[in-house]
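Asker: with the input below, show me the fold.
(4 chains)
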Protein chains: 2
Amino acid sequence: MVRIADVAKLANVSTATVSRVISNAGTVKKETAEKVLEAIKKLNYQPNMLARQLRRSETKTILVVVPDITNTFFSVVLRGIESVAIENGYQVLLGDARNDVESETSFLTILGQKKADGLILLTARTDQKILEDLSQDFPVVLACEYYEGSKLPTVSIDNVSSARKATEYLISLNHKRIGHISGPLNIVVGRDRYRGFHQAMAQHGLSVDPSLIQEGEFSFESGFNLMMKFLSLENPPTALFAGNDEMAMGAIKAAKSKGLRVPEDLSVVGFDDIQFASIFEPALTTVAQPTFDMGQKAMRLLLNLIKDEELEKDQFILPDKLIVRESCKELTIEE
Amino acid sequence: MVRIADVAKLANVSTATVSRVISNAGTVKKETAEKVLEAIKKLNYQPNMLARQLRRSETKTILVVVPDITNTFFSVVLRGIESVAIENGYQVLLGDARNDVESETSFLTILGQKKADGLILLTARTDQKILEDLSQDFPVVLACEYYEGSKLPTVSIDNVSSARKATEYLISLNHKRIGHISGPLNIVVGRDRYRGFHQAMAQHGLSVDPSLIQEGEFSFESGFNLMMKFLSLENPPTALFAGNDEMAMGAIKAAKSKGLRVPEDLSVVGFDDIQFASIFEPALTTVAQPTFDMGQKAMRLLLNLIKDEELEKDQFILPDKLIVRESCKELTIEE
DNA sequence: ACATTTATTGTAATCGATTACATTGAGAAT
DNA sequence: ATTCTCAATGTAATCGATTACAATAAATGT
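Answerer: Now for the predicted structure:
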């Protein structure tokens, strides 16, 4: 392995000088620098990052913990993160929690071990206190998910208002019996969308039939199964707000399997606007999150934190958008 | 920051002893070890990995370069990799090439910089020579994609024979005018599936009409557009073998848009069996790759390489499987 | 002509662990 | 009683860079 000392010897200078050339200190005479550069080239020298990192005590690496890397929603956020990381000379260490809280938490030790300079969490299922303590000592940013009433720097959308918006769209289409298949209620975004749904209903003077509310787990299957439940009701819903796109698709599949047509017999709106939402038939009306932007923003915030810069604020709410496609239709009164 | 010296002082031993306790050397008296452990606990000490890594010159980190993290196919492979990495005390540094060869290549410097102990490439678009040189100096494993006639350790399926199998399935359904939308031919898997298609046709004495062969780019859109071309032909194909599932779905969408029914008027088989393949309508008949297993196997190989163990062989071909669903139908003669 | 900057380079400490080698003392062997 | 062995621990070198401080020479000011 070529060391800086080898370069120094070949160029007939001290290691300090070589180091100065590498770091572009600008205090090295031109000719000397050229000699050094030449030696570096000749020896094909690459600095050992471990040594540099130890000395500088920074790794130029950040840790990203994802609840489920297999979910395109998160991988797009991740891409946003990595794009600005790379731009700024940082690399991304990946922690795939596989939807398991314990494994999520176990990744956090990496920070104390100095293997990363900061952390972006795309999930907020770890005990809140643990994380808040951690963020005393290390730069931490949350994205997508968050803790209620926490000061932790966060980038997300306003799930409550988005859910309200989605529900109101259904209401504007004259629907009154609207069902909701929520995400897990122990996850904030599941809870917030659930709230938004209820708010919208209340604001429009619509009562919600408890049998039209079910808690899913963000999966296609759960959407399918819970919709089946709805369909076996005496008086099934005419519209459905699903906590995410997968469940929306599952629900639509269930409706179709029972011979219903979507949107003619059932209107459905989803959440997230995953890639497949537009390909699915009917193309899904859904709430689009600015996934890539959220990732970028989160990384920028983390960079600020790492450089010890003041944040203009802690909570960043990015704009979402209701994407109207083909899965909803106005309810025509027929009695 | 708590250092090993602090622990040593508190426990009234030398740093060497503390280090021995940490690494479980077994040469430390029980009572001493207990004192040390207590001190570690009291100070909440965590070893600085940078220092350890520098001294041991190993990072317990591996680099995974993915062509497109946004593609579920690859993220499942990644999950396989990470699962055995974690099991073995390794972490995963992620390189998302965003389908760009240059950025793919640029990640490779990380190895020379000693930021990772080894490399798994889920893409093989970098210049072959560069990679083969690299693998002289560092542990490198390819997964999913590969170089033709290279000795680089590889985990993949046999794309040629799988494509043959897929095509033969169509042939067994009496189809004769079979089209093929291939992946990019500068990517091995695109090329190999293209070959497999031709082999199957030739073996069954079927000539392939050049106008029924188009090169796509593995995207939904390209599948759609190229199918549109086929459909404007005087004599369109009755069946299609698409180089991957996205293109297959695009093609089906195109056919539907022209009023054709799938599979009644057009049979389609895809490749990869991505999550959405079974949800899509009609559910896609496709070739399933053992994605998760491939990731695991690749990581195990890399571990062998890192430990300087002999590999039993270099090329590992894992079994794939034709998943028959609803997108194909027997051709009934009608003239 | 001498003092004072300034530019350039070198020497050696440092980051925080691991580990080769040295040391100590107790018990075993002769 | 003396030597030898071995277990347990300590001392200090080491990994490969960066950088504080020192040193030197050249340039500038008066």
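Asker: and the helices in the stretch 101-250 of chain A?
Answerer: Using DSSP state H, counting those that start in this stretch, the helices of the stretch 101-250 of chain A run over residues A:101-106, A:109-112, A:128-137, A:159-172, A:188-203, A:220-231, A:245-257.
Asker: what comes up buried for the third one?
Answerer: Just to be clear, that refers to helix A:128-137. Neighbour-count burial for helix A:128-137 flags A:131, A:134, A:135 (criterion: 16 or more other Cβ atoms under 10 Å in any protein chain shown). Backbone N, C-alpha and C define where each C-beta goes, glycine included.
Asker: quick one, what contacts residue A:117?
Answerer: Residue A:117 makes contacts with A:58, A:59, A:60, A:61, A:62, A:90, A:138, A:139, A:306, as judged by Cβ atoms under 8 Å, 6 or more residues apart in numbering or on different chains.
Asker: wait, isn't residue A:306 in contact with residue A:118?
Answerer: Yes: applying Cβ atoms under 8 Å, one finds residue A:306 in contact with residue A:118, separated by 5.2 Å.
Asker: and whichever residue of the stretch 101-250 of chain A sits closest to DNA strand D, how many residues sit next to it?
Answerer: Nearest residue of the stretch 101-250 of chain A to DNA strand D (Cβ to the nearest atom of the strand) works out as residue A:114 at 13.2 Å. Neighbour count of residue A:114, defined by other Cβ atoms under 10 Å in any protein chain shown: 23.
Asker: would you agree it is in contact with residue B:50?
Answerer: Yes: Residue A:114 lies in contact with residue B:50 (Cβ under 8 Å); the separation is 5.3 Å.
Asker: shared neighbours, these two?
Answerer: By Cβ under 8 Å, 6+ apart, the residues touching both residue A:114 and residue B:50 are A:57, A:59.
Asker: would you mind listing what in chain A touches DNA strand C?
Answerer: A:12-17, A:20, A:27-29, A:31-33, A:51, A:54-55, A:57 (Cβ under 7 Å from any atom of the strand).
Asker: drop anything exposed from these.
Answerer: Using 16+ other Cβ under 10 Å, the buried ones in those are A:13, A:17, A:20, A:28, A:32, A:33, A:51, A:54.
Asker: what's the most distant pair in these?
Answerer: A:32 and A:54 (26.7 Å; Cβ to Cβ).
Asker: minimum distance to DNA strand C, which residue of the stretch 51-200 of chain A gives it?
Answerer: Closest point on the stretch 51-200 of chain A to DNA strand C, by Cβ to the nearest atom of the strand, is residue A:55, at 3.7 Å.
Asker: next, that residue: phi, psi?
Answerer: phi -60, psi -50 (degrees, to the nearest 10).
Asker: break chain A into its domains for me.
Answerer: Following automatic domain parsing, one gets these domains for chain A: A:4-47, A:59-157+A:291-319, A:159-288.
Asker: can the first one be said to contact chain B?
Answerer: Yes: interface with chain B: domain A:4-47 contributes A:46, A:47 (Cβ under 8 Å from any Cβ of the partner chain).
Asker: from residue A:200, how far off is residue A:193?
Answerer: 11 Å (Cβ to Cβ, to the nearest Å).
Asker: which residues are in contact with both of these two?
Answerer: Shared between the contact lists of residue A:193 and residue A:200 (criterion: Cβ under 8 Å, 6+ apart) are residues residue A:163.
Asker: same drill for those two, tell me which one is more crowded.
Answerer: residue A:193 (28 against 24).
Asker: thought that one was touching residue A:183?
Answerer: Yes: between residue A:193 and residue A:183 there is a contact at 6.5 Å, judged by Cβ under 8 Å.
Asker: report the set of residues contacting both of those two.
Answerer: residue A:243.
Asker: now for the residue lying farthest from the centre of chain A: which residues touch it?
Answerer: In chain A, the greatest distance from the average C-alpha position (Cα atoms, centre = their mean) is reached by residue A:12, at 51.4 Å. Applying Cβ under 8 Å, 6+ apart to residue A:12 gives the contacts residue A:35.
Asker: do a quick rundown of the strands in chain A.
Answerer: Under the criterion DSSP state E, chain A contains strands at A:61-66, A:91-96, A:118-121, A:140-143, A:154-156, A:178-182, A:213-215, A:239-242, A:267-272, A:285-288, A:315-317, A:321-323.
Asker: report all helices and strands that the fourth one contacts.
Answerer: Other helices and strands packing on strand A:140-143, by 3 or more Cβ pairs under 8 Å, 6 or more residues apart in numbering or on different chains; DSSP states H and E, are strand A:118-121, strand A:154-156, helix A:291-306.
Asker: any idea which of these gets closest to chain B?
Answerer: helix A:291-306 (9.7 Å; Cβ to the nearest Cβ).
Asker: measure how far that closest one is from the centre of its chain, please.
Answerer: 11 Å (Cα atoms, centre = their mean, to the nearest Å).
Asker: just the mean pLDDT for it, thanks.
Answerer: On average, the pLDDT along helix A:291-306 is 98.
Asker: quick check: angle from that helix to strand A:267-272?
Answerer: Angle, helix A:291-306 to strand A:267-272, by axes from the mean of the first three to the mean of the last three Cα atoms, to 10 degrees: 30 degrees.
Asker: I'd say residue A:48 and residue A:2 touch.
Answerer: No: under the criterion of Cβ under 8 Å, residue A:48 is not in contact with residue A:2, lying 9.3 Å apart.
Asker: do you know how far the residue lying closest to residue A:62 once chain neighbours are set aside is from residue A:77?
Answerer: Of all residues beyond its chain neighbours, the one nearest residue A:62 is residue A:118 (4.8 Å), with distances taken as Cβ to Cβ, 6 or more residues apart in numbering or on different chains. With distances taken as Cβ to Cβ, residue A:118 is found 16 Å from residue A:77.
Asker: list the contacts for residue A:158?
Answerer: A:317, A:320.
Asker: try 7 Å this time
Answerer: By Cβ atoms under 7 Å, 6 or more residues apart in numbering or on different chains, the residues touching residue A:158 are residue A:317.
Asker: same check, this time on residue A:61
Answerer: A:90, A:91, A:93, A:115, A:116, A:117.
Asker: mind doing that once more with 10 Å?
Answerer: The contact partners of residue A:61, by Cβ atoms under 10 Å, 6 or more residues apart in numbering or on different chains, come to A:49, A:53, A:85, A:90-93, A:110, A:114-118, B:61, B:91, B:93, B:115.
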